[in-house]
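Asks: Next comes the sequence, and after it the predicted model I'd like to discuss.
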Amino acid sequence: MASKAPDSETMPNPTDRLSIRIDLACGAKIGPGKVAVLEAIESAGSISGAGRALRMSYRRTWELVEDLNRSLGVPVVDTAAGGSGGGGASLTPFGRAVISHYRAIEADSAAAAKKHLAALLRECNKP
């Protein structure tokens, strides 16, 4: 006998998601935007490339990095000055740890919230 497909009204939509912002006692605020910037820097190898990938100005991208560096008290990005050899940026080991811990918190939170998201979805689909 074929198994019955889950009722779409009881399953969270793939676009239903939990967005996490972490406010640490040290004053640091880490959320999806800053983590996306760190991931884009890792991928692009530069702050300007990360900004372009995220459709964000260089200045805004740099401000988010600087805010993390200042509030966490430990650099998350290493930069190299431009010039004939080119510049660039890379994540520090701590920057990679920030991403890793944030993504783990996000995954654990999403798993814990899954049944509640499904319940909200059921409620909003009621006639």
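Replies: Sure, I can see it. Since the model is a prediction, treat every value here as computed from it, not as a measurement.

Asks: tell me which residues in the helix or strand bottoming out on mean pLDDT in the chain are buried?
Replies: The weakest-scoring helix or strand in the chain, judged by mean pLDDT, DSSP states H and E, is strand 77-80 (a mean of 89). Across strand 77-80, burial judged by 16 or more other Cβ atoms under 10 Å covers residue 77. Using the backbone N, CA and C atoms, a C-beta is placed for each residue, glycine as well.

Asks: In CSV, list the C-alpha atoms belonging to that strand.
Replies: C-alpha atoms of strand 77-80 as CSV (Å, rounded to 0.1, in the frame of the first residue of the first chain):
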residue,chain,number,x,y,z
VAL,A,77,38.0,39.4,9.1
ASP,A,78,41.6,39.8,8.0
THR,A,79,42.2,42.4,5.3
ALA,A,80,45.1,43.0,2.9
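
Asks: So which elements touch the helix or strand that it is followed by?
Replies: The element immediately downstream of strand 77-80 (helix or strand, assigned by DSSP states H and E) is strand 88-91. Identification of packing neighbours for strand 88-91 by 3 or more Cβ pairs under 8 Å, 6 or more residues apart in numbering; DSSP states H and E yields helix 32-44, strand 77-80.

Asks: Strand partners (parallel or antiparallel) of strand 88-91?
Replies: Note on strand 88-91: by DSSP bridges, its sheet partners are strand 77-80 (antiparallel).

Asks: Not counting its own residues, what contacts the partner strand?
Replies: When contacts are defined by Cβ atoms under 8 Å, 6 or more residues apart in numbering, strand 77-80 is touched by residues 38, 41, 47, 65, 69, 87, 88, 89, 90, 91, 92, 95.

Asks: where along the protein do the strands fall?
Replies: 22-23, 29-30, 77-80, 88-91 (DSSP state E).
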